[in-house]
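1. Sequence first, then the predicted structure, then my questions.
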Amino acid sequence: MAKKLTPKKNNTYSAEKGELAMIEGIIEGSPDAVGVAVIRYDCGCRKMAAVNKSGEPASEIIMYRDHAESICDQCKEDNGSYMRMIKQFIYWNTPEPDEYTKKMIIDKVLGTEQ
Ligand SMILES: [Zn+2]
């Protein structure tokens, strides 16, 4: 009998393929970006924005949906409601900022619930 492969445990959120392409595009277009804040919604849409080392926005907020021309009707209606958020994290550009800076940015951008 074939053994079932157990997925590797990973405590850090990693970006998915389509998401990563978007993130890299945002970083490329935002010279001040130290990372990109990513919010995933239950519908599959994402909201992203680059952040600078002070935790301030370094780009416009971008909403997108994988393999789709536009975001879903629900998101169009509520503009990505807080209520439907399933995950939020910051994807750090390399070289990553130091731990202190990262924590400050996370607190400022995502709130202290992380
Ligand atoms: Zn949506």
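-> Noted; the coordinates are in hand.
2. Would you map the strands across the protein?
-> Assigned strands in the chain, in chain order: 35-41, 45-51, 62-65, 85-92 (criterion: DSSP state E).
3. Of all those, which one is nearest residue 78?
-> For residue 78, the closest of the strands of the chain is strand 35-41, at 9.5 Å, according to Cβ to Cβ. In short, each C-beta sits where N, CA and C put it, glycine included.
4. what lines up beside that closest one in the sheet?
-> strand 45-51 (antiparallel), strand 85-92 (antiparallel) (DSSP bridges).
5. If you average the pLDDT over the last one, what comes out?
-> It refers to strand 85-92. Mean per-residue pLDDT for strand 85-92: 95.
6. is the ion contacted by it?
-> No - Strand 85-92 lies apart from the ion when judged by Cβ under 5 Å from the ion; the minimum separation is 11.0 Å.
7. how far away is the residue most central in space within the chain from the ion?
-> Central residue of the chain (Cα atoms, centre = their mean): residue 38, 1.5 Å from the mean position. According to Cβ to the ion, to the nearest Å, residue 38 stands 14 Å off from the ion.
8. need the contact list for that residue.
-> 15, 19, 23, 46, 47, 48, 87, 88, 89, 90, 91 (Cβ atoms under 8 Å, 6 or more residues apart in numbering).
9. Show the contacting residues for the fifth one.
-> Looking back up the chat, that one is residue 47. 38, 39, 41, 61, 62, 63, 80.
10. Could you report the neighbour count for residue 49?
-> Other residues near residue 49 come to 19 when the count uses other Cβ atoms under 10 Å.
11. Skipping adjacent residues, who's closest to it in space?
-> Leaving aside its chain neighbours, residue 49 sits nearest to residue 61 (4.5 Å; criterion: Cβ to Cβ, 6 or more residues apart in numbering).
12. coming back round to it: looking at the strands paired with strand 35-41, which one is packed in the most?
-> Ranked by average neighbour count under the criterion mean count of other Cβ atoms under 10 Å, the strands paired with strand 35-41 are headed by strand 45-51 at a mean of 22.
13. Could you check the pLDDT of residue 61?
-> Model confidence at residue 61, expressed as pLDDT, equals 94.
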